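1. can't give you the sequence, but here's the structure:
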């Protein structure tokens with residue numbers, strides 16, 4: 001079952017309150033960023049805390065939500081759970097500090113790439 005918006009907002013607020021120094025926070029994951037193979041961040045550093053995928057048997061939209069003219073890679077792009085790529089994301093927690101991130105796997109013709117973005121409460125929007 002997917003995390004509802006109120007729960008996601010609460011999780012984001014808890015994450016924003018973390019003040020502990022950590023490599024995940026130093027990585028500046030304000031916008032969607034690939035997790036490169038040589039990254040100091042390890043995939044094992046994060047554990048799944050929930051999912052934003054509403055129905056695992058349904059193909060979610062690739063439509064993005066950018067009401068203010070932002071782009072996917074913009075630091076201030078909204079996080080709209082029903083829109084791409086949030087609608088294909090898991091919420092993951094850093095096991096070292098407890099900060100929360102969104103994670104999804106981008107797939108192209110000949111590659112897959114894990115991407116992360118900080119779960120920031122001020123960017124969450126609940127739009128249909």
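-> That came through, no problem. Keep in mind it's a predicted model, so treat the numbers as computed, not measured.

2. Point out where the chain drops to low pLDDT.
-> 36-40, 43 (pLDDT under 70).

3. Can you list the residue ranges for strands in it?
-> With DSSP state E as the criterion, the chain has strands at 33-34, 46-51, 90-94, 100-107, 112-118.

4. what packs against the first one?
-> With contacts defined as 3 or more C-beta pairs under 8 Å, 6 or more residues apart in numbering; DSSP states H and E, the packing partners of strand 33-34 are strand 112-118. No exception for glycine: its C-beta is placed from N, CA and C like everyone else's.

5. So what are the sheet partners of the strand it packs on and their directions?
-> strand 33-34 (antiparallel), strand 100-107 (antiparallel) (DSSP bridges).

6. Between those, which one is closest to residue 9.
-> Closest to residue 9 of the strands paired with strand 112-118, according to C-beta to C-beta: strand 100-107, at 11.5 Å.

7. Buried ones in that closest one, by neighbour count?
-> Residues 100, 101, 102, 103, 104 are the ones in strand 100-107 that count as buried (16 or more other C-beta atoms under 10 Å).

8. quick one on the thing from earlier: looking at the strands of the chain, which is closest to residue 7?
-> strand 46-51 (7.8 Å).

9. What pairs with that closest one, parallel or antiparallel?
-> Sheet pairing for strand 46-51, assigned by DSSP bridges, gives strand 90-94 (antiparallel).

10. Go ahead and name everything in contact with the strand it pairs with.
-> 3, 8, 11, 22, 24, 45-53, 99-104, 116, 119 (C-beta atoms under 8 Å, 6 or more residues apart in numbering).

11. Can you give the contact residues for the top helix by length along the chain?
-> As assigned by DSSP state H, the longest helix anywhere in the chain is helix 5-16. Applying C-beta under 8 Å, 6+ apart, the set of residues contacting helix 5-16 from outside is 3, 49-50, 52, 81, 91, 98-100, 118-121, 124, 126.
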